[in-house]
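K.L.:
Below is the structure, and that's it, no one-letter string:
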């Protein structure tokens, strides 16, 4: 089944009204909406995973994110699912699994979510005790958005991760 523009509009409206619902009500509304799609639909799994995640039920979200990705989720939702799954894994105490997903994602494609991938990778690196690399990632991403000093910051950032000379 192809998802209709009307279904997408209702999904976006539900997310816009997120703060108008308590957690259980929001999940219930999302279950009803995603229940309109065929069982096992990748978009339904992703949106439901996102709803669980956004309402602090990350453990339940993980399996749904994986189902969505394994089910062929594509486009912007696929990349969002990778970012969100990696973030949830990190929050659940599995930062290496999150880092592995994000490192693979950085090599897979490039789009408007590049800095989000980098930001969440930096968070996982902090949790892994790799603070210097995390800072370099964050500053490198920031350097592309500065009106001045971007080139200098990018060079300093690269130097942060270069091997130190022998003393």
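P.N.:
Noted; the coordinates are in hand. Small disclaimer: the values here were computed from a predicted structure and weren't measured.
K.L.:
nearest residue to residue 64 other than its sequence neighbours?
P.N.:
residue 49 (3.4 Å; Cβ to Cβ, 6 or more residues apart in numbering). To be clear about C-beta, it is placed using only N, CA and C from the backbone, and glycine gets the same treatment.
K.L.:
Same question for residue 21.
P.N.:
residue 29 (6.7 Å).
K.L.:
Read off the pLDDT value for the one you found.
P.N.:
pLDDT, residue 29: 98.
K.L.:
And the one 3 residues further on, by the same measure?
P.N.:
With respect to pLDDT, residue 32 has a value of 98.
K.L.:
Name the helix or strand for it, please.
P.N.:
Using DSSP states H and E, residue 32 sits within helix 23-34.
K.L.:
Tell me which other helices or strands the helix or strand following that helix touches.
P.N.:
Sequence-wise, the next helix or strand downstream of helix 23-34 (DSSP H and E) is helix 42-54. Packed against helix 42-54 by the contact rule (3 or more Cβ pairs under 8 Å, 6 or more residues apart in numbering; DSSP states H and E) you find helix 23-34, helix 58-70, helix 75-91.
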